[in-house]
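[1] Got a predicted structure here, sequence first:
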Amino acid sequence: MPGNEKEYIPLSVPCFEGNEKKYVNDALAQGWVSTGGAYITRLEEQLAAYLNVKKAAACQSGTAALHLALLECGVQPGDLVIVPTLTFIAAVNPVRYQYAEPVFMDCDESLCMDPVKLRGFCERECSLEDGRLVHTASGKTVKAVIVVHVFGNFADMEAIGCGGSIWSARHRGRHGGAGHVLYTGALCGQIRGHDRGFWRIFF
């Protein structure tokens, strides 16, 4: 209706409150603006220390970090990877890079993956066979779950599996050892890990 214009609500708003300009200018002055430089090393070292892990590796994007994580998790062509219905395509593309198949899982009121429906899928539509979570109807292996924290809301990671209540890699739980839980968060492409066998993802 004329005169009743709706207020524009941006998807996200940049927040620069510290030394961002100083650091960018410093990187420009050093000539490191793409693949290396002191700030990348500092980021990796400080994240590893903060997260209490041996190493952290910066990636050029969250998509790249997820792709590497899927490789590390052993996702193969034909495997199934559970992803949320509400997300950005960048969280799903790496699944197809591996010629695996995304299984879209409903979200709850948080707009993140619904742990109740995920549990129902794992318990009623899958079975544990020789340490693998197998989708009964297709016979394909469910190799990973990619969880996305979206629009400032956090998925219930304890219920989804990082606490072991459904299933996750290197964790004890109902389907312990059957697959891998990856989760995407807020800031940048980043892989961290305690060892080669287990990674968690941030971007």
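    It's in.

[2] Tell me how many other residues surround Val83.
    Counted with other Cβ atoms under 10 Å, the neighbours of Val83 add up to 22. All C-beta spots, glycine's among them, are computed from the backbone N, C-alpha and C.

[3] Same question for Val150.
    20.

[4] my guess is it contacts Cys112, does it?
    Yes. Val150 is in contact with Cys112 according to Cβ atoms under 8 Å; the separation is 6.0 Å.

[5] Pull up the overlap in contacts between the two.
    The contact sets of Val150 and Cys112 overlap at 84, 86 (Cβ atoms under 8 Å, 6 or more residues apart in numbering).

[6] What helices and strands are in contact with the longest helix along the chain?
    In the chain, ranked by residue count with DSSP state H as the criterion, the top helix is helix 38-51. With contacts taken as 3 or more Cβ pairs under 8 Å, 6 or more residues apart in numbering; DSSP states H and E, helix 38-51 sits against helix 20-30, strand 55-58, strand 190-195.

[7] Which one of these lies nearest to Gln76?
    strand 190-195 (19.5 Å; Cβ to Cβ).

[8] returning to what we had before: could you redo the helices and strands packed on helix 38-51 as CSV and give each row mean pLDDT and distance to Arg96?
    Below are those laid out as CSV (pLDDT from 0 to 100; distance: least, Cβ to Cβ, whole Å):
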stretch, mean pLDDT, distance to Arg96
helix 20-30, 91, 33
strand 55-58, 83, 23
strand 190-195, 43, 20
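
[9] Distance to Asp106 and mean neighbour count added to those, as a markdown table?
    Shown next, in a markdown table, are the helices and strands packed on helix 38-51 (distance: least, Cβ to Cβ, whole Å; neighbours: other Cβ atoms under 10 Å):
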| stretch | distance to Asp106 | mean neighbour count |
| --- | --- | --- |
| helix 20-30 | 38 | 11 |
| strand 55-58 | 32 | 16 |
| strand 190-195 | 28 | 18 |
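
[10] Export the ones you listed as a markdown table, with columns for distance to Asp108.
    Shown next, in a markdown table, are these (distance: least, Cβ to Cβ, whole Å):
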| stretch | distance to Asp108 |
| --- | --- |
| helix 20-30 | 35 |
| strand 55-58 | 30 |
| strand 190-195 | 26 |
